[in-house]
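A structural model of the following input is requested.
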Amino acid sequence: MRLLYTLLLLCSVSLVAQVSPPSTPNRPGTNNTRITGPSWTKQGIYYTLKDASGNVLSNTVDLKYLKTDTLGVLDKTNRNVYLLADFKNAAEGSTGKAILLQQNVGNSFYFTNPYSFVHYVDDEYNSGPFSNINGDYIYYQPELGATYRLPNIRSHSTFAAQNSIKLPASSNHTYWYRDATKGEYGIIKEGRPIDYSVATPKKVGNDMTVDINGVHTYTLPGYYTMASFVYTPVTMANNSVSGSGCVSGDCQNGWGKWEDDNGYYDGFWKNGKKDGYGMYKWTGIGKYIGNWSNGNMTGYGVYLADNKDNVVGEYLNGELNGKGYTVTGDTWEQGVYSNGQLVTSHTFVTNNVTTGCTAGDCVNKYGRYKWDNGDSFTGFWLNGRMYMGTYAFASGDKYSGMFNSNNEFDGMGRFFFESGEYYGGYWKNGKYEGRGYYHDQDYKQQIGVWSNGSLVTSMK
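Next up is the predicted model:
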């Protein structure tokens, strides 16, 4: 786990607007070699990307580095994926050849190389548990409440991008398949194989039934006539969990998952009510990720609607009450809210500078501050200190949440590592503290109570 690395990164957050970080060292001269075809030019940590005709591609999104110095870039207009080889450590002003990796990718696709991979849905990175089944990944995305098949992902010997396939809806996120050659069945629940040591399969006509610990749990309809590696939702037995109520974990005083007719909640509980960090996903509507108290959305939280609208900030009983911002279509509003209504608006316009407070008000309102080292903060300020918002490291790591008066991560917050690791939960003085959720690059989870950056009481 990268807690030590995390702490080193967090030290840079203590930089305040009035303190100048060390000066940037001189860089080698630029490369003036003539480039034909798609090309890039580095400008600080950013770039100008041109297609083969020399047109600047401005509607782009960066993909992950995948443990190399090569940056992947998606041209959202034409749906093309480019590779910017050796971009990460290139000198400022350098130019290089951009490689057109894949054309016309869809709204869900994976980007991979032999070292790692990432998955994007609607051009946003999502993580979750997965299993390698015959060279495909079956990939569960908890925040989306969906499972995807990433076909042939382990067949590539170099960089590749390819569309993924969303599997049919399953209320319990459980799918089965048949390997006809080996005469074997498989059941994948939330991206992981079930424990086959407690499973007993039985043939019933052309169907297969599966008992778990002697209890009839799953039916695999048409199993004996099904082609290999077709992923189909299981049919739950009448005496098994119906998908309503607490379906896993501890939904009283721990970490548990609750499903109901509207969707599901995955997070911490106290006295049978949602309390602490957690996520509720409304089916077909959106999701809220953040703090809960006594069963209500209270504290720092992020609501992300399926239609891309956002409601982010300080919640009280399910409504914005305090500092926050909303995104409705193409309209952004930020300021102070009361019962979900904006009562004090904060403007956010450029200040026509490239470092320092580049936009808005970085004293007591909403502003963006950029440091010479490439770090930036966008959000709310109080007495010239960061209060609530997103701190983006030049490395690609990012924190979104609350801060204390020393510019340290403090309170409810979420940390996204560029490598794919993630922590969501409580912080104190820049360290994990209190109840929180962590997963590493392989989605191995650590959930429970943290103290001074270390897990001291596991809840899973």
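
Spatially central residue in the protein, please.
N126 (4.2 Å; Cα atoms, centre = their mean).

Worst mean pLDDT across the helices and strands of this structure, which element?
Across the helices and strands of the chain, mean confidence by mean pLDDT, DSSP states H and E is lowest for helix 3-11: a mean of 38.

Tally up the residues packed near A237, please.
The tally of other residues near A237 (other Cβ atoms under 10 Å) stands at 16. Placement of C-beta: from N, CA and C, glycine included.

Then Y223?
21.

try G106
Applying other Cβ under 10 Å, we find 12 residues neighbouring G106.

I'd like the distance between S116 and K444.
Counting by Cβ to Cβ, to the nearest Å, the gap from S116 to K444 is 15 Å.

Among the two, which residue is more densely surrounded?
S116 (15 against 11).

The more buried one and K64 touch, don't they?
Yes. Between S116 and K64 there is a contact under Cβ atoms under 8 Å: 7.4 Å.

can you list residues touching both of the two?
Each of G420 lies in contact with both S116 and K64 under the rule Cβ atoms under 8 Å, 6 or more residues apart in numbering.

burial count for R149?
18.

next one: V349
By other Cβ under 10 Å, neighbour count at V349 equals 8.

The residue nearest to it when sequence neighbours are not counted sits in which helix or strand?
Distances taken as Cβ to Cβ, 6 or more residues apart in numbering put A359 closest to V349, at 6.4 Å, once the chain neighbours are dropped. Taking DSSP states H and E as the definition, one finds A359 inside strand 356-360.

Three-state assignment for the nearest residue to G272 once chain neighbours are set aside, please.
Computed as Cβ to Cβ, 6+ apart, the closest residue to G272 that is not its neighbour in sequence is Q252, at 5.2 Å. Three-state call for Q252 (DSSP: H, G, I helix; E, B strand; the rest coil): coil.

So, low pLDDT: which residues of the stretch 201-350 of the chain?
238-244 (pLDDT under 70).

Would you map the strands across it?
According to DSSP state E, counting those that start in this stretch, the stretch 201-350 of the chain carries its strands in the segments 207-212, 215-220, 232-233, 235-236, 245-249, 255-260, 263-270, 273-282, 286-293, 296-305, 310-316, 319-328, 331-338, 341-345.

Tell me which residues of the fifth one come out buried.
In other words, strand 245-249. Neighbour counts over strand 245-249 (16 or more other Cβ atoms under 10 Å) mark 246-249 as buried.

Could you report the neighbour count for I187?
22.

On the pLDDT front, check it for me.
pLDDT, I187: 97.

Break this protein down into its structural domains.
Per automatic domain parsing, the domain ranges recorded for the chain read 35-164, 174-236, 282-458.

Tabulate those domains (a markdown table), appending distance to D261.
Output for those, formatted as a markdown table (distance: least, Cβ to Cβ, whole Å):
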| stretch | distance to D261 |
| --- | --- |
| domain 35-164 | 14 |
| domain 174-236 | 16 |
| domain 282-458 | 9 |
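
So which residues of the stretch 351-460 of the chain form helices?
With DSSP state H, counting those that start in this stretch, there are no helices along the stretch 351-460 of the chain.

So which residues of it form strands?
Going by DSSP E, counting those that start in this stretch, the stretch 351-460 of the chain shows strands at 356-360, 366-370, 376-382, 385-392, 398-403, 409-416, 422-428, 431-439, 445-451, 454-458.

nearest to T60, of those?
strand 385-392 (16.5 Å; Cβ to Cβ).

Which elements pack onto the closest one?
strand 376-382, strand 398-403 (3 or more Cβ pairs under 8 Å, 6 or more residues apart in numbering; DSSP states H and E).

which stretch among these comes nearest T283?
Judged by Cβ to Cβ, the one of the helices and strands packed on strand 385-392 that comes nearest to T283 is strand 398-403, at 24.8 Å.

quick one: buried residues of the closest one?
In strand 398-403, counting by 16+ other Cβ under 10 Å, buried: 399-403.

next one: stretch 374-389
By neighbour count on 16+ other Cβ under 10 Å, the buried set for stretch 374-389 is 375-381, 385-389.

do stretch 260-280 as well
So stretch 260-280, judged by 16+ other Cβ under 10 Å, has buried residues 263-270, 274-280.

Would you mind pulling the contact partners of it?
Taking Cβ under 8 Å, 6+ apart as the rule, stretch 260-280 contacts 142-143, 145, 244-245, 247, 250-258, 281-283, 285, 287-296, 412, 424-426, 434-437, 459.

Any quick ChimeraX command for the buried ones out of those?
In ChimeraX, this line selects whichever of the contacts of stretch 260-280 come out buried by 16+ other Cβ under 10 Å:
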select :142,143,145,247,251,254,255,256,257,258,281,283,287,288,289,290,291,292,293,295,296,412,424,425,426,434,435,436,437,459
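
hang on, the earlier thing: what's the farthest-apart pair in the buried residues of strand 245-249?
Using Cβ to Cβ, the two most remote members of the buried residues of strand 245-249 are V247 and G249, lying 8.4 Å apart.

between those two, what contacts are shared?
With contacts taken as Cβ under 8 Å, 6+ apart, V247 and G249 have K257 as neighbours in common.

Now do the contacts for Y223.
Neighbour list for Y223: 176, 178, 185, 206-208 [criterion: Cβ under 8 Å, 6+ apart].

What residues does the residue nearest to G272 make contact with?
For Q252, the contacting residues are 269, 271-272, by Cβ under 8 Å, 6+ apart.

do the same with W282
So W282 contacts 262-263 (Cβ under 8 Å, 6+ apart).

Without its sequence neighbours, what residue ends up closest to N383?
N364 (6.7 Å).

coming back round to it: in the strand holding A359, which residues are buried?
For strand 356-360, the neighbour count (16+ other Cβ under 10 Å) marks 357-360 as buried.

Determine which two of these are furthest apart.
With Cβ to Cβ as the measure, no two of those lie farther apart than T358 and G360, at 8.4 Å.

Overlap of the contact sets of those two?
351, 368.

follow-up on the earlier one: give me the helices and strands touching the strand holding A359, please.
By 3+ Cβ pairs under 8 Å, 6+ apart, strand 356-360 packs against strand 366-370.

Within the sheet, what are the partner strands of the strand it packs on, with directions?
Looking at strand 366-370 with DSSP bridges, its partner strands are strand 356-360 (antiparallel), strand 376-382 (antiparallel).

Residues in contact with the longest one: which ones?
Meaning strand 376-382. Counting by Cβ under 8 Å, 6+ apart, 323, 334, 361-370, 386-392, 405 sit against strand 376-382.

Please pick the buried ones from these.
Applying 16+ other Cβ under 10 Å to the contacts of strand 376-382 flags 323, 334, 361-362, 365-370, 386-392 as buried.
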